[in-house]
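> Prediction below, plus the sequence it came from.
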Amino acid sequence: MIGSVADVARVVLVDLQWVILAYFLAVNLFLLVLLVSSAVEMRRHRLEVWQEGRWRLLSSEAAPSISIIAPAYNEELTVIESVRSLLTLAYPRLEVVLVNDGSSDATMSVLTEAFDLAPIHPVFRRQVDSADVLGVHRSRAAQSLVVVDKANGGKADALNAGLNIASGDLVCAIDADTIIEREALQRMVRPFLTRDDVVAAGGTIRAANGAVVRHGRVAEARAPRAFVPGVQAVEYLRAFLTGRLGWNRLGGNLIISGAFGLFRREETLAVGGYEHRSIGEDMELVVRLRRRAYEQGGPGRVEFVPDPVAWTEVPSSLRVLGRQRDRWHRGLADVLWRHRDIIGRRRYGSLGLVAAPYFLCVELAAPVVEAVGLLGLVAGIATGAVNWPFAVLFFGVAYVLGLAMTMLTLLLDEWTYRAYGGLRERLVLVAFSLLEPLGYRQLTAYWRIRGLVKYLRGDTAWGVMTRSGFGGENAPAP
Amino acid sequence: MIDSRLVLTVLLVEAGVVGATVLILVAHGLLLGGRRTRRDMRSARARALLAEALESPRIDSAVILALRALPDEERVELLTETGRSLTGRGRARVGDIAGVAGALSSAARLAHSRRWRARLKGARLFTALGGGSEHLRPLLDDRRPEVRAQAVEWSSDHATPGVIARLLDLLVSGDALARYAVRDALQRLGPAAVGPLEQRLAAVSGAQAAPLLRAAPPLAAAGMLPDALRLGQDGHAGTRAGAATLLAALGGERAVSVLETMLGDDDAAVRAAAARGLGRLMAWPSATLLAERLGDPAWDVRQGAALSLRALGAPGLLLLRRTLEHEDRFARDIARQVLDLPGTVEPFLP
């Protein structure tokens, strides 16, 4: 009896490992499809924008107006630099709406002093709900800057308050410490000029931790040297250059980074703005916008534009990074649960048939499958059900194939934007890529599983994200 | 249970991909570094000679040789960057130099290519360097929207009646890519576009007129008034709203009279455009009619009317203050907001 139970367990373990192996093979093949799609899309895009007269936008009265909405919570260290860099973006008809979300530090007083704020009473319509607005101020020094002081309500709430106040045809939602490259908006507005069906667009985010930042601008792009931010720099390159860009050809994106996204204001207000109760509020809004297009008509396309770039400080400690990845995964689970009725439904086109199932079966499920696979592998080896060649094959498919994808992404970046500069930076990224599968990947799987368990238990808290501010001229030593 | 050779093969292939990628990265990086240094030196020399040539009455062979020594891509980049930075005689000079250096003949060849990306390149070159009418005019009818849009951009510096007529065709054609480019081009063409736009407005009605009316206000001219008045009574709401905006740009007694009538339109967008228009025209005799719209069910109309009243000065402010006692709470609310008073609906601090 015991022998037959052990035999059954052995068979289950072996079969399970084969299933998981097949899963990883399928996932990596799909990622390869994304990579190829991304390369094709990149080539098309670069040919289309070659020597484009983008500068004409600066003097065009036909260009749509843009309101940048930047929520800020306890950002006293970085907010002045951030606002200054926003005010000097090269775009005509630009408004900057900074929303102070009930900061307990000196964010508001720092802003008041730096930008000579004066209270105003604008005529605006409260189309989406938000926590109480305590005051609205305009800068006497920079007329295009509006500061909204409100009671604390979270990021989504702050964005909604900004949406009510903003006056632009398009709204650009960013994080307060995001540094946007000077011409980024000129590039990111392009899909809205060339198509009627675009409702939102996203741009590339890069890790600013190793960069030299002067006067609110990235003066010198460098790869981070520390392991934690460095490996995230690789992840971001992979996510944006391969993932997001590839989806342009496969039915459109489901995510626009909350750190840098451009939306049609009218449509965003029509769907009710950002959902307060969701911790994945940026993804949730995109899904709702796309749904609305299928259900009621109107623009619903979400484009990723590879060349506008925003820089952000990524977590430099494992503890903060773990909280972030935990929260992201809870957000993903939340969005997929809220919109579970679109999954697999033809009515929702590529959204329901391709994008949503992918995010469910791959993005959400992958860490669980990975964990089960690893544990099963260990158990299998211990019981003799699985031999070493299989274990090596498993590692090869699960991790080394992913490493190959990362290398190909770095190659794509080398051919195009060279995100972090010269050869030395490239080699630093290669080194982090090689180290990524040796513990870091597994750690992120653990954090994501932790997030999923928390979500299933009903935990929707944001957690504390600590920031140290940009390095300014004293960038970390190589 | 599993063949070791299979495992070895898989690992070797993966290691090969990883290793090859790293090698290519390193090699490309080294190559790029070397190329960049050589390119910078060549470009710097060509750039300096080009700058001198722009000031000189004749085209020196040294600048032509320096430009021809550059790879195609670099030569094109240098010439287009320089061309875009200049206007008038300076830009024409760059075009002359580009012609002698062979860049314009390259652009012409590209503009007639069967590949649309090559045609797009050719169109971009001519846009930056000027000239090329015989090559670019046909591209306004190109089958690719990207190429058409670039030809539209080129046309803002090369206006002829035929070109402008084609731009107006594209404006009403539903081609999203061209529409922005056409509106921008028409604004840059300025007075040259007014006559053709007037003629086109006279010939359209209904939904077709709406895009023309959206492009018209920056070019508003007296000759557009009769058609703006006519289109203000069109059956299509978008056209009426566009007509209201154009009437506000044109001004005059008749325009004000029609705008006042449009304050009672069935469509909120038309009422809002009319309300804003009366404020823009400082039509203070219309103040009473504007005040009636403070209780309009549509927010945009209430806002437009309230801001217009504020813009009218004393008569408008008087009516706004009276509205603070209005029985309609929405009217009271908008009046309060515009008069900058704290209220119970929106909790502002004083």
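Arrived safely, thanks for sending. Numbering: from 1, shown residues only, chains lettered A, B, ... in the order given.
> where does the residue nearest to A:V198 when sequence neighbours are not counted fall, helix, sheet strand or coil?
Closest residue to A:V198 apart from its sequence neighbours, by Cβ to Cβ, 6 or more residues apart in numbering or on different chains: A:P191 at 4.3 Å. Every residue, glycine included, has its C-beta placed from N, CA and C. Under the three-state scheme (DSSP: H, G, I helix; E, B strand; the rest coil), A:P191 adopts helix.
> I'd say A:L117 and A:V136 touch.
No: between A:L117 and A:V136 there is no contact under Cβ atoms under 8 Å: 9.7 Å.
> count of neighbours near B:E52?
When neighbours are counted by other Cβ atoms under 10 Å in any protein chain shown, B:E52 registers 12.
> now do A:R323
Neighbour tally, A:R323, other Cβ under 10 Å: 21.
> Likewise for A:R340?
A:R340: 11 neighbours (other Cβ under 10 Å).
> For A:A356, see how far away it is.
Separation of A:R340 from A:A356 (Cβ to Cβ, to the nearest Å): 9 Å.
> cool, A:T268 as well?
The value you get for A:T268 to A:A356, if Cβ to Cβ is used, is 20 Å.
> Can you check which helix is longest in the chain?
If you meant another chain, say so; for now it's chain A. Longest helix of chain A, by residue count under DSSP state H: helix A:2-49.
> I was after chain B.
Max-length helix for chain B by DSSP H is helix B:4-55.
> Give the buried residues for the helix or strand that that helix is followed by.
Using DSSP states H and E, the helix or strand that follows helix B:4-55 in sequence is helix B:61-69. The neighbour-count criterion (16 or more other Cβ atoms under 10 Å in any protein chain shown) identifies B:V63, B:I64, B:A66, B:L67 as the buried residues of helix B:61-69.
> ditto for stretch B:302-320
Neighbour counts over stretch B:302-320 (16+ other Cβ under 10 Å) mark B:302-312, B:315-317, B:319-320 as buried.
> So which of those reach chain A?
Applying Cβ under 8 Å from any Cβ of the partner chain, the subset of those adjacent to chain A comprises B:Q303, B:A306, B:L307.
> what packs against the helix or strand that contains B:G242?
Following DSSP H and E, one finds B:G242 within helix B:237-250. When contacts are defined as 3 or more Cβ pairs under 8 Å, 6 or more residues apart in numbering or on different chains; DSSP states H and E, helix B:237-250 packs onto helix B:209-215, helix B:225-231, helix B:253-262, helix B:268-280.
> Which one of the ones you listed lies nearest to B:L170?
Closest approach to B:L170 among those (Cβ to Cβ): helix B:209-215, 9.6 Å.
> Now do the strands in chain A.
Listed in chain order, the strands found in chain A under DSSP state E are A:66-72, A:94-101, A:117-120, A:133-139, A:145-150, A:170-174, A:179-180, A:198-207, A:212-214, A:217-220, A:260-264, A:301-312.
> Name all residues that make contact with the residue nearest to the spatial centre of chain B.
Residue closest to the mean C-alpha point of chain B, counted by Cα atoms, centre = their mean, is B:D184 at 3.9 Å. For B:D184, the contacting residues are A:R56, A:S60, A:E61, A:A62, A:A63, B:E153, B:S156, by Cβ atoms under 8 Å, 6 or more residues apart in numbering or on different chains.
> Secondary structure element for it, which one?
Here B:D184 is assigned to helix B:176-189, by DSSP H and E.
> Where does the stretch 1-150 of chain A get nearest to chain B, which residue?
A:A62 (4.0 Å; Cβ to the nearest Cβ).
> Tell me how far that residue lies from A:V171.
For A:A62 relative to A:V171 (Cβ to Cβ), the value is 19 Å.
> Looking only at neighbour counts, state which of those two leads.
Per other Cβ under 10 Å, whichever of A:A62 and A:V171 has more neighbours is A:V171, with 27 against 20.
> for A:V271, phi and psi?
Main-chain dihedrals, A:V271, degrees, to the nearest 10: phi -90, psi 0.
> and it, how many residues sit next to it?
Neighbour number of A:V271 under other Cβ under 10 Å is 19.
> so it makes contact with A:R292?
Yes: using Cβ under 8 Å, A:V271 is in contact with A:R292, at 5.4 Å.
> got the CA coordinates for stretch B:38-48 in PDB?
Extracted C-alpha coordinates of stretch B:38-48, given in PDB (Å, rounded to 0.1, in the frame of the first residue of the first chain):
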ATOM      1  CA  ARG B  38      35.300  59.000 -37.100                       C
ATOM      2  CA  ARG B  39      31.800  60.300 -37.800                       C
ATOM      3  CA  ASP B  40      32.100  63.100 -35.400                       C
ATOM      4  CA  MET B  41      35.300  64.300 -37.100                       C
ATOM      5  CA  ARG B  42      33.800  64.100 -40.600                       C
ATOM      6  CA  SER B  43      30.500  65.700 -39.500                       C
ATOM      7  CA  ALA B  44      32.300  68.500 -37.700                       C
ATOM      8  CA  ARG B  45      34.300  69.400 -40.800                       C
ATOM      9  CA  ALA B  46      31.300  69.200 -43.100                       C
ATOM     10  CA  ARG B  47      29.200  71.200 -40.700                       C
ATOM     11  CA  ALA B  48      31.800  74.000 -40.500                       C
END
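> Buried ones in that stretch, by neighbour count?
By neighbour count with 16+ other Cβ under 10 Å, stretch B:38-48 contains the buried residues B:R42, B:S43, B:A46.
> Sketch out the low-pLDDT regions of the chain for me.
Picked chain A for this. For chain A, residues meeting the criterion pLDDT under 70 lie at A:1-6, A:8-13, A:122, A:386, A:460-478.
> switch to chain B, that's the one I care about
For chain B, the ranges with pLDDT under 70 are B:1-2, B:341-350.
> Leaving aside the residues adjacent along the chain, what's closest to residue 47?
Using chain A. Using Cβ to Cβ, 6+ apart, the nearest residue to A:L47 is B:R117, at 4.8 Å.
> right idea, wrong chain: chain B
B:L78 (6.3 Å).
> For the host helix or strand of the one you found, which helices and strands make contact with it?
Element membership for B:L78 (DSSP H and E) is helix B:72-85. If contacts are counted by 3+ Cβ pairs under 8 Å, 6+ apart, helix B:72-85 sits against helix B:4-55, helix B:61-69, helix B:88-100, helix B:103-111, helix B:116-129.
> Try it again at 6 Å.
helix B:88-100, helix B:116-129 (3 or more Cβ pairs under 6 Å, 6 or more residues apart in numbering or on different chains; DSSP states H and E).
> Please name whichever of those is nearest to B:G251.
Among the helices and strands packed on helix B:72-85, helix B:88-100 sits nearest to B:G251 (Cβ to Cβ), with 33.3 Å.
> is the closest one anywhere near chain A?
No: applying Cβ under 6 Å from any Cβ of the partner chain, one finds helix B:88-100 separated from chain A by no less than 13.1 Å.
> got the angle between that helix and helix B:72-85?
Calculated by axes from the mean of the first three to the mean of the last three Cα atoms, to 10 degrees, helix B:88-100 forms an angle of 160 degrees with helix B:72-85.
> what sits up against helix B:88-100?
B:A53, B:L54, B:I59, B:I64, B:L79, B:T82, B:G83, B:L104, B:L129, B:G130, B:G131 (Cβ atoms under 6 Å, 6 or more residues apart in numbering or on different chains).
> Now for the nearest residue to the residue of the stretch 1-150 of chain A closest to chain B once chain neighbours are set aside, how many residues are close by?
Distances taken as Cβ to Cβ, 6+ apart place B:R183 nearest to A:A62, at 4.0 Å, with adjacent residues excluded. Neighbours of B:R183 under the rule other Cβ under 10 Å: 22.
> now swap in B:A111 and tell me
25.
> Around B:R214, how many other residues sit close by?
17.
> Against A:R265, how distant is it?
In terms of Cβ to Cβ, B:R214 sits 18 Å off from A:R265.
> What of A:G102?
Applying Cβ to Cβ to A:G102 and A:R265 gives a distance of 24 Å.
> and B:S4, what does it touch?
B:S4 touches A:P389, counting by Cβ under 6 Å, 6+ apart.
> returning to that earlier point: quick check, nearest of the ones next to chain A among the buried residues of stretch B:302-320 to chain A?
Of these, the one sitting nearest to chain A (Cβ to the nearest Cβ) turns out to be B:Q303, at 5.7 Å.
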